[in-house]
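> my questions are about this predicted structure, shown below with the sequence.
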Amino acid sequence: MRWLVDGMNVIGTRPDGWWKDRHAAMVRLVDLLERWVAAEGDDLCVVFEHKPSPPIRSTLIEVAHAPRARADSADDEILRRIAADAQPATIRVVTSDRWLADAARAAGASVMGSESFRAQLDGQAGT
């Protein structure tokens, strides 16, 4: 399975004060995703609406961003990646956006809700 994760949707599932320091929240999510991928072995790309500054790097997952930061631009980037893929049926999108979920399914990908995915991440991390 290959995963495309709407990063801010997953971050937003926990009201833990993430909005006070979005970059730190992004770093924490990447750390959780790295641990999850290390255990599961799947390919994963997390997509943010803007380029993290300072950059967030990973050797286990792809940390991506939309070409132009604006509302819903991560969603557009996720759809662009699905459309460009020769095997969209092998992609699972993680989002809480209904229209992105519908568009991803229409393009051939499967979808998991952000809440359900976050529960998996938290379960793996023991939190």
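In hand now; what should we look at?
> the helix or strand bottoming out on mean pLDDT in the chain packs against which elements?
Lowest on mean pLDDT, DSSP states H and E among the helices and strands of the chain sits helix 114-125, with a mean of 90. Under the contact definition 3 or more CB pairs under 8 Å, 6 or more residues apart in numbering; DSSP states H and E, helix 114-125 sits against helix 7-11, helix 22-40, strand 91-95. For every residue, glycine as well, the C-beta is placed using N, CA and C.
> can you name the next helix or strand after the longest one?
Tracing the chain past helix 22-40, the next element assigned as helix or strand by DSSP states H and E is strand 43-48.
> run me through the strand neighbours of that next one, direction for each.
Partners of strand 43-48 in the sheet, by DSSP bridges, are strand 2-6 (parallel), strand 62-65 (parallel).
> centre of the chain versus it, how much separation?
In terms of CA atoms, centre = their mean, to the nearest Å, the centre of strand 43-48 is set 5 Å apart from its chain centre.
> and the closest residue to Arg92 other than its chain neighbours, how far is that from Ala83?
In this structure, Arg92 finds its nearest non-sequential neighbour in Ser110, 4.8 Å apart by CB to CB, 6 or more residues apart in numbering. Distance of Ser110 to Ala83, computed by CB to CB, to the nearest Å: 16 Å.
> kindly report the same for Met1.
Taken as CB to CB, the span from Met1 to Ala83 is 19 Å.
> need the contact list for the residue nearest to Arg92.
Going by CB atoms under 8 Å, 6 or more residues apart in numbering, Ser110 touches Ala89, Ile91, Arg92, Val93, Ala104.
> look up how far Ser58 lies from the nearest residue to the second one once chain neighbours are set aside.
Spatial nearest neighbour of Ile91, chain neighbours left out: Ala109 (4.2 Å); criterion: CB to CB, 6+ apart. For Ala109, the distance to Ser58 under the criterion CB to CB works out to 22 Å.
> comparing those two, which residue is more hemmed in?
Legend: neighbour count by other CB atoms under 10 Å for Ala109 and Ser58, higher for Ala109 (24 against 14).
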